[in-house]
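J.: here is my input; please provide its structure:
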Amino acid sequence: MYKQNLYINLHYGIAMKRIFFMLLVLFPLLVTTNSAFAAKQITYCTEASPVYFIPSLVSDSASFDVVEALYDPLVNTKQASTELTPSLATSWDITKKGTVYTFHLRKGVKFHTTKYFKPSRDFNADDVVFTFDMQRNKKNPFYKVGNSIFEYYSSMGFGKLIKDVKKVDNYTVQFTLAHAEAPFLAELSIASFSILSKEYADQILAQKKDIMTLSNQPIGTGAFSFYSYKKDSMLRMVAFKDYWHGKADADRLIFLIVPNTATRTLQIQKGDCDVIALPNPADVPKLTKDPNIVVQTVTGVNTGYLGINAAKKPFNNVLVRRALSYAVDKEALLKSIYRGYATPADNLLPPSVWGYNNKIPKYKFNLKKAKALLAKAGYPKGFSLRLWAMPVARAYMPNAKRAAEIIQADWKKIGVNAKIISYEWGEYLHKLNQDIKEKDVFFIGWTGDIADPDNFLYGLTSCNAANGGNNYGNYCNKKFDSLLYKAKRTSNRKLRTGYYKKAQYILAKDVGLIPLAHASVIEISRKRISNFKPDPDTKKWFSLMKVK
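T.: The predicted structure follows:
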């Protein structure tokens, strides 16, 4: 009997240890799913790891989704709208000449308190001055963070535009500009210009930590604060109870990094995700039939396009660029890739943005014309090139690798042999900015941050934006640029429209890039999530979501 009890107790103990071990393994999963244990949690399945956590360094949607939860800009836009609204600045004054902007800052705004930082003061003017000084002053210790590649700051021309950012008092900051800049206020609403903590930056220096700590362990004023991160796996955030706009309904915000589009679809069907990024348009019909899922669409403000390295032979020849454009079958891409959730693009500027010019040179699919242009350019037998395709879905391009295969097949018919190349998403973006000699033609795109033509045209195709900015194709035309400068420096909408229409004509004639499509924004969520409105610029607004 003793031996039997010993045997039973021994095996009972082993069984309990196994159960305990299983609970240890399963606990992380339990807190990241929509079980009763996490009734106030939002799980967002995103397509890629954030490249950085510092707003000034980000330029991709996966990173924007993160920084928009962690930080606040001086001014913001209203949910699902382009209308500006106060944020960390409650109001602002602009001089008649449009060269001095005075911002009156919100009082009582707290920075996040975490295990690695406890703020001793509220947000004030010092933080605003530091945030912009870091991007404009080479002597600032944090200027070299992220290799000093502040893409938005550079693309917007802020280096030459902003003459000074001055603290007037603790809650007043003054920006002095070199000249009037019509879209300046709206540009400050972009998440890249969200405000950092100077006190935290000073602590990093005092403790002699790597300056990248500012990104790796972020501190902001946003609705959620950083908790933990494992690259290519999971990012955890917790609701900031002292958020100036009021605590978010969700207690936790989890980013699950799921690069595979099909996997994200399966996970939202199972309930492992509350919201998913960039669904495959082909999956929309079946998701619409699921009673637990909500599908919403809205006209997007975006353009997917092929960038062309105009600084390199043979792509510096406009005839070659026109030939490549004629040999792209956009209707085939719409049918196979976008499944109807897009319109073909002839222009970099989306039709929904004011100033759009429909009367520009267009390149309808025509292989005969393409081949003739190549011969005229001196390439009757064609040539070889490298076609870069991003590894993840984007709002403007659901499947770049498949789209590349379609284009590859058509280009082969005119003698152009395209080798398809891809890289990890962070490396892809880095190489676009750095490897001028290696890149030939590449998939990329843009989702408008503000409803202004300048955000597309100047930010993506100006000569200025070719130097460390978002003009990855290095297109540069001085006449085109002069029109953009004229448009930026007047607030007269009629005059601006005229300048932008002329500029679009030049860009299309030059084939500075090859526009492919303007995609619809498709948002997929579980029914337990409410107050989630699709935004034309794909902003998620996690702080406003309600959780059942």
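J.: mind listing the strands for the stretch 151-300 of the chain?
T.: Secondary structure of the stretch 151-300 of the chain (DSSP state E, counting those that start in this stretch): strands located at 162-169, 172-177, 224-230, 234-239, 252-257, 275-276, 293-298.
J.: would you turn those strands into JSON lines with mean pLDDT, mean neighbour count and distance to residue 99?
T.: Just so you know, the C-beta spots here come from the backbone N, C-alpha and C atoms, and that holds for glycine as well. Listed next are the strands of the stretch 151-300 of the chain as JSON lines, based on pLDDT from 0 to 100; neighbours: other CB atoms under 10 Å; distance: least, CB to CB, whole Å:
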{"stretch": "strand 162-169", "mean pLDDT": "98", "mean neighbour count": "15", "distance to residue 99": "8"}
{"stretch": "strand 172-177", "mean pLDDT": "98", "mean neighbour count": "20", "distance to residue 99": "5"}
{"stretch": "strand 224-230", "mean pLDDT": "98", "mean neighbour count": "18", "distance to residue 99": "36"}
{"stretch": "strand 234-239", "mean pLDDT": "98", "mean neighbour count": "20", "distance to residue 99": "39"}
{"stretch": "strand 252-257", "mean pLDDT": "98", "mean neighbour count": "22", "distance to residue 99": "40"}
{"stretch": "strand 275-276", "mean pLDDT": "98", "mean neighbour count": "26", "distance to residue 99": "42"}
{"stretch": "strand 293-298", "mean pLDDT": "97", "mean neighbour count": "16", "distance to residue 99": "36"}
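J.: which SS state does residue 102 fall under?
T.: strand (DSSP: H, G, I helix; E, B strand; the rest coil).
J.: quick check: it vs residue 158, distance?
T.: Taking CB to CB, to the nearest Å as the measure, residue 102 falls 18 Å from residue 158.
J.: so for the two, which residue has more residues nearby?
T.: Ranked by neighbour count (other CB atoms under 10 Å), residue 102 and residue 158 place residue 158 first, with 21 against 17.
J.: tell me who's in contact with the more buried one.
T.: Applying CB atoms under 8 Å, 6 or more residues apart in numbering to residue 158 gives the contacts 135-136.
J.: could you redo the last one with a cut-off of 10 Å?
T.: For residue 158, the contacting residues are 132, 135-136, 150, 152, 175, 177, 181, 184, 187-188, 193, by CB atoms under 10 Å, 6 or more residues apart in numbering.
J.: residue 76 now?
T.: 68, 83-89, 188-191, 194, 245, 539.
J.: just the buried residues of the residues you listed.
T.: The neighbour-count test (16 or more other CB atoms under 10 Å) marks 68, 84, 87-89, 188-191, 194, 245, 539 as buried among the contacts of residue 76.
J.: now the residues you listed in TSV, with pLDDT and distance to residue 238?
T.: Output for those, formatted as TSV (pLDDT from 0 to 100; distance: CB to CB, whole Å):
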residue	pLDDT	distance to residue 238
68	98	16
84	95	29
87	98	21
88	98	21
89	98	26
188	98	28
189	97	26
190	96	25
191	96	20
194	98	19
245	96	16
539	94	21
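J.: from those, pick the one nearest residue 109.
T.: Closest approach to residue 109 among the buried ones among the contacts of residue 76 (CB to CB): residue 88, at 6.3 Å.
J.: may I ask you to confirm that that closest one is in contact with residue 108?
T.: No: using CB atoms under 10 Å, residue 88 is not in contact with residue 108; the gap is 11.3 Å.
J.: residues shared between the contacts of these two?
T.: 123, 244.
J.: and the closest residue to residue 226 other than its chain neighbours, what does it touch?
T.: Spatially, and ignoring its direct neighbours in sequence, residue 226 is nearest to residue 218 (5.0 Å; CB to CB, 6 or more residues apart in numbering). Contacts for residue 218 (CB under 10 Å, 6+ apart) come out as 50, 52-55, 66-67, 70-71, 112, 114, 117, 196-197, 200, 225-226, 229, 237.
J.: and residue 242, how many neighbours?
T.: Other residues close to residue 242 by other CB under 10 Å number 15.
J.: switch to numbering from 5
T.: Done: numbering now begins at 5, and the last item shifts to residue 246.
J.: what's the helix or strand for residue 483?
T.: Secondary structure from DSSP states H and E places residue 483 in helix 482-492.
J.: how far does that helix sit from its chain's centre?
T.: When distances are taken as CA atoms, centre = their mean, to the nearest Å, helix 482-492 is centred 26 Å away from the chain's centroid.
J.: buried sites along that helix?
T.: For helix 482-492, the neighbour count (16+ other CB under 10 Å) marks 484-485, 487-488, 490-492 as buried.
J.: next structured bit after that helix?
T.: Using DSSP H and E, the first helix or strand after helix 482-492 is helix 497-514.
J.: name the residues of that next one that are buried.
T.: Residues of helix 497-514 classed as buried by neighbour count (16+ other CB under 10 Å): 500-512, 514.
J.: pLDDT value on the residue lying closest to residue 411 once chain neighbours are set aside, please?
T.: Of all residues not flanking residue 411 in the chain, residue 332 sits nearest, at 5.8 Å (CB to CB, 6+ apart). Residue 332 carries a pLDDT score of 98 in this model.
J.: same thing with residue 455?
T.: As predicted, residue 455 sits at a pLDDT of 87.
J.: let me see the contact set for it.
T.: 81, 85-87, 187, 190, 305, 354, 356-358, 540-541.
J.: make a PyMOL selection of the buried ones in those.
T.: Buried residues within the contacts of residue 455, by 16+ other CB under 10 Å, are selected in PyMOL with:
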select buried, resi 81+86+187+190+305+354+357+540+541
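J.: ok, the contacts of residue 455 vs residue 97, which is closest?
T.: Among these, and counting by CB to CB, the member closest to residue 97 is residue 190, at 16.5 Å.
J.: just say helix, strand or coil for the closest residue to the closest one other than its chain neighbours.
T.: Spatial nearest neighbour of residue 190, chain neighbours left out: residue 454 (4.1 Å); criterion: CB to CB, 6+ apart. What three-state DSSP gives for residue 454 is coil.
J.: how about the helices in the stretch 205-354 of the chain?
T.: 217-220, 265-274, 288-292, 322-330, 334-337 (DSSP state H, counting those that start in this stretch).
J.: winner for burial among those helices?
T.: Of all these, helix 322-330 has the most neighbours on average by mean count of other CB atoms under 10 Å, namely a mean of 24.
J.: what helices or strands is it leaning on?
T.: For helix 322-330, the elements it packs on are strand 306-312, helix 371-381, strand 387-392, helix 404-416, strand 420-425, helix 497-514, strand 517-523, judged by 3 or more CB pairs under 10 Å, 6 or more residues apart in numbering; DSSP states H and E.
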